[in-house]
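[1] model this:
(chains A, B, C and D)
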2 protein chains.
Amino acid sequence: MSKYRNDIELFATQFKALSNPHRLAMFRRLASCCPPGTICSTEEAVRYSVGQLGADIDISISTLSHHLKELNRAGLVQMARKGKRVECWVAPQTIVQLASFFDALSAQPNIQGEIHE
Amino acid sequence: MSKYRNDIELFATQFKALSNPHRLAMFRRLASCCPPGTICSTEEAVRYSVGQLGADIDISISTLSHHLKELNRAGLVQMARKGKRVECWVAPQTIVQLASFFDALSAQPNIQGEIHE
DNA sequence: TCTATATTTCGACATGTATCGAATAGTAGA
DNA sequence: TCTACTATTCGATACATGTCGAAATATAGA
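    Residues are numbered from 1 along each chain as shown, chains lettered A, B, ... in the order given. Here you go, the predicted model:
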């Protein structure tokens, strides 16, 4: 019951982080394997510096940094400094958890009792 | 590629609609089957009046109406007057489409590797 | 240590959002 | 038609967000 409410709060926070087109684009790039124009291979991918993430997004670097902070706050993206740069990657389990929110709804189209109190 | 950008805008709009805990709770209820205190059967459910949707959410009816309008604007929820009440239901395909956003991401192998140059 | 590069923080501003209660509007029934 | 019920719209208010450029911070290398 309280778990239900916390769930909602958590997912709402994550959806909020994804509600800005710029942030969503950054997240999707991070969540996908290969950067545009690159051939995907298993050794590559999944970590970007802040600047790289905003490569084809037309906003200032400070705004970019702000958005990354939001994604990080929501627990979707993790960050760590590596030399001059700050590496970013999608937090493990994030995508699966988000997918599960909708999968749980569509999996049981007409039978679900969890709301009852 | 242009489709890619439009995609992002569309999904961002939808995530925005789901970014408020109250709206998310309303959406989830609508996406699930039974109203509280009701026995679930196939003929019932899936449609709620505005008031029913906010039954256990502690906000004013005008705020509730506002949130429903947002969900409707984002294309997640459809509404139609039926007598004194306004019925609400989840727009067809909505859940599947939202799920597909994350499924498409998680389908890719998620191996963490080098930073892109 | 000085410099170039990468990123964050700060201050400012315009715009958007959540919320309420009151007023308004649509509908069903007495 | 009058009334009760349901929902929307309106006006107001407080707060949050996206954005920028400038200043500050962190790091690597000359």
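[2] So what's the model's average confidence on the host helix or strand of residue A:97?
    Element membership for residue A:97 (DSSP states H and E) is helix A:94-107. If you average the pLDDT over helix A:94-107, you get 86.
[3] can you check stretch A:22-37 too?
    Mean per-residue pLDDT for stretch A:22-37: 79.
[4] rewinding a little: buried residues of the helix holding residue A:97, list them for me.
    Within helix A:94-107, the residues scored as buried using 16 or more other CB atoms under 10 Å in any protein chain shown are A:94-95, A:97-105. For every residue, glycine as well, the C-beta is placed using N, CA and C.
[5] Serialize these to JSON lines and add fields for distance to DNA strand D.
    As requested, the buried residues of helix A:94-107 are exported to JSON lines (distance: CB to the nearest atom of the strand, whole Å):
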{"residue": "A:94", "distance to DNA strand D": "19"}
{"residue": "A:95", "distance to DNA strand D": "21"}
{"residue": "A:97", "distance to DNA strand D": "21"}
{"residue": "A:98", "distance to DNA strand D": "18"}
{"residue": "A:99", "distance to DNA strand D": "23"}
{"residue": "A:100", "distance to DNA strand D": "24"}
{"residue": "A:101", "distance to DNA strand D": "20"}
{"residue": "A:102", "distance to DNA strand D": "22"}
{"residue": "A:103", "distance to DNA strand D": "26"}
{"residue": "A:104", "distance to DNA strand D": "25"}
{"residue": "A:105", "distance to DNA strand D": "23"}
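[6] Please list which of these are also close to chain B.
    Among these, the residues within reach of chain B (CB under 8 Å from any CB of the partner chain) are A:95, A:98-99, A:102-103, A:105.
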